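Asks: Got a predicted model here, sequence first, then my questions.
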Amino acid sequence: MCIFNKKRVNSTFEVKNMDKISVVVPCYNEEEALPVYYKEMCRVMDEMKDVVFELIFVDDGSSDATLGIMKDLNEKDSRCRYLSFSRNFGKEAAIYAGLKASEGDYVALMDVDLQDPPTLLPEMYEILQEDGYDNVATKRVTRTGEPRIRSFLSESFYKFVNAISKTEIVDGARDYRLMKRKMVQAVLEMSEYNRFSKGIFGWVGFRTKWLQYDNIERSAGKTKWSMWKLFKYSVEGITGFSVAPLSLASVVGVLFCVLSFIMIAVIVVRTLVWGDPVSGWPSLACIIFMVSGVQLLCTGIVGEYLSKTYLETKKRPIFILKDSSDDKEQKHERT
């Protein structure tokens with residue numbers, strides 16, 4: 001049971017001098033996992049008595065009872081705040097909204113399914129207090145319980161993106177981390193529409209300590225990440241932090257131009273020397289299909305970057321709030 005006295009915490013002088021940790025928790029259709037997560041977090045918060053907490057639950061347009069559970073938690077525990085989007089904007093938007101709403105001296109980012117163990121928070125906080133780090137991040141050292149094909153593709157992605165990008169993205173890195181306020185402000189300054197948090201955290205820099213742990217399966221509910229969504233997310237990471245695909249498309253274009261001139265020269269010489277027999281149509285058709293495929297691939301790469309630029313220039317909001325606990329408090333104050 002979570003022990004909390006709202007009046008006492010808000011009125012004591014000691015609290016004003018205590019550090020505050022904001023915990024940002026993106027949620028999408030997590031009605032099963034949310035109560036389990038809150039119960040586990042209560043144990044951690046009760047253990048860390050020298051710190052004030054706020055839990056910021058971000059409802060990413062859930063269609064189940066997730067928002068209702070958030071409101072119930074807010075009613076019985078004022079440390080629980082919630083933000084609710086007008087529709088599903090994606091986890092990246094939820095992360096940005098939570099960071100923007102946070103008020104703590106330290107901000108933690110955590111998944112609600114308990115694959116990010118809250119029990120690491122005391123150790124993470126202690127490291128930031130004593131070792132001079134700005135950020136304590138986590139990564140999985142095993143992928144137990146995960147399909148082999150998914151593990152293979154994930155490992156391949158990290159190898160590929162680190163090979164073509166100057167921003168290091170650690171293999172197995174989780175979004176779970178505890179950051180000092182100055183790093184959170186740096187992340188918020190990157191208000192781009194197409195977001196890839198793992199790359200953003202690496203790009204802003206700051207001194208980071210990595211904690212390792214074995215893979216943990218979900219406490220409840222089902223994962224929302226299909227193979228197709230993971231593929232689109234990986235493309236976001238590649239195009240967001242590297243222009244190498246554009247350079248590759250240019251190099252391939254030059255190589256095929258050179259090859260075409262060589263082939264033209266060979267055809268002209270062969271025609272002049274041996275005449276013009278009608279032959280080689282199967283190989284010609286294969287060559288045309290191959291060249292056309294490469295052209296379409298390169299056009300697609302350019303189109304992907306152009307689409308990102310198009311969305312950025314429109315300057316649409318990253319998210320739209322439909323409801324929040326802050327709105328509720330403002331209504332109470334007016335009445």
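Replies: Now that the structure is in, tell me what you want to look at.
Asks: I'd like to know which helix or strand in the chain has the lowest mean pLDDT.
Replies: None of the helices or strands of the chain scores lower by mean pLDDT, DSSP states H and E than helix 6-11, at a mean of 41.
Asks: which SSE is C298 in?
Replies: According to DSSP states H and E, C298 maps onto helix 281-314.
Asks: What's the first helix or strand after that helix?
Replies: Following helix 281-314 in sequence, per DSSP H and E, is strand 321-324.
Asks: Any regions of the stretch 101-250 of the chain where pLDDT drops low?
Replies: 143-147, 158, 162, 165, 215-234, 236-244, 246-247 (pLDDT under 70).
Asks: My understanding was that V112 contacts Y28; is that so?
Replies: No. If you go by C-beta atoms under 8 Å, V112 and Y28 don't touch, sitting 9.1 Å apart. C-beta here means a position set from N, CA and C on the backbone, and glycine is covered the same way.
Asks: Between these two, which is the more surrounded one?
Replies: V112 (25 against 21; other C-beta atoms under 10 Å).
Asks: quick check, the more buried one in a helix?
Replies: No. Looking at V112 with DSSP: H, G, I helix; E, B strand; the rest coil, it is coil, so not inside a helix.
Asks: who's in contact with it?
Replies: V25, P26, C27, E30, A33, L34, Y37, F57 (C-beta atoms under 8 Å, 6 or more residues apart in numbering).
Asks: number of nearby residues for the fifth one?
Replies: By other C-beta under 10 Å, 22 other residues sit near A33.
Asks: and what of the fourth one?
Replies: Neighbour count of E30, defined by other C-beta under 10 Å: 29.
Asks: quick one, strands of the protein?
Replies: For the chain, applying DSSP state E gives strands covering 19-27, 51-59, 80-85, 106-109, 135-140, 173-180, 208-213, 321-324.
Asks: closest to G98 out of the ones you listed?
Replies: Nearest to G98 among the strands of the chain is strand 19-27 (3.2 Å), distances taken as C-beta to C-beta.
Asks: quick one: that closest one to strand 51-59, angle?
Replies: Counting by axes from the mean of the first three to the mean of the last three C-alpha atoms, to 10 degrees, strand 19-27 points 20 degrees away from the direction of strand 51-59.
Asks: I164 and L114: what is the separation?
Replies: From I164 across to L114, the span is 34 Å (C-beta to C-beta, to the nearest Å).
Asks: So for those two, which residue has more residues nearby?
Replies: Per other C-beta under 10 Å, whichever of I164 and L114 has more neighbours is L114, with 19 against 14.
Asks: Throw the strands of the chain into TSV and include mean neighbour count and distance to G199, thanks.
Replies: Below are the strands of the chain laid out as TSV (neighbours: other C-beta atoms under 10 Å; distance: least, C-beta to C-beta, whole Å):
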stretch	mean neighbour count	distance to G199
strand 19-27	23	17
strand 51-59	24	20
strand 80-85	24	23
strand 106-109	25	15
strand 135-140	21	13
strand 173-180	22	10
strand 208-213	16	14
strand 321-324	17	25
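Asks: and those strands as CSV, adding distance to L311?
Replies: CSV is the format used below for the strands of the chain (distance: least, C-beta to C-beta, whole Å):
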stretch, distance to L311
strand 19-27, 21
strand 51-59, 21
strand 80-85, 18
strand 106-109, 24
strand 135-140, 28
strand 173-180, 22
strand 208-213, 29
strand 321-324, 20
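Asks: Can you say which of those is nearest to V269?
Replies: If we rank the strands of the chain by C-beta to C-beta, the stretch that ends up nearest is strand 173-180, at 56.0 Å.
Asks: who's in contact with the residue positioned nearest the centre of the chain?
Replies: The residue lying closest to the centre of the chain (C-alpha atoms, centre = their mean) is S197, at 4.1 Å. Neighbour list for S197: E92, I95, D175 [criterion: C-beta under 8 Å, 6+ apart].
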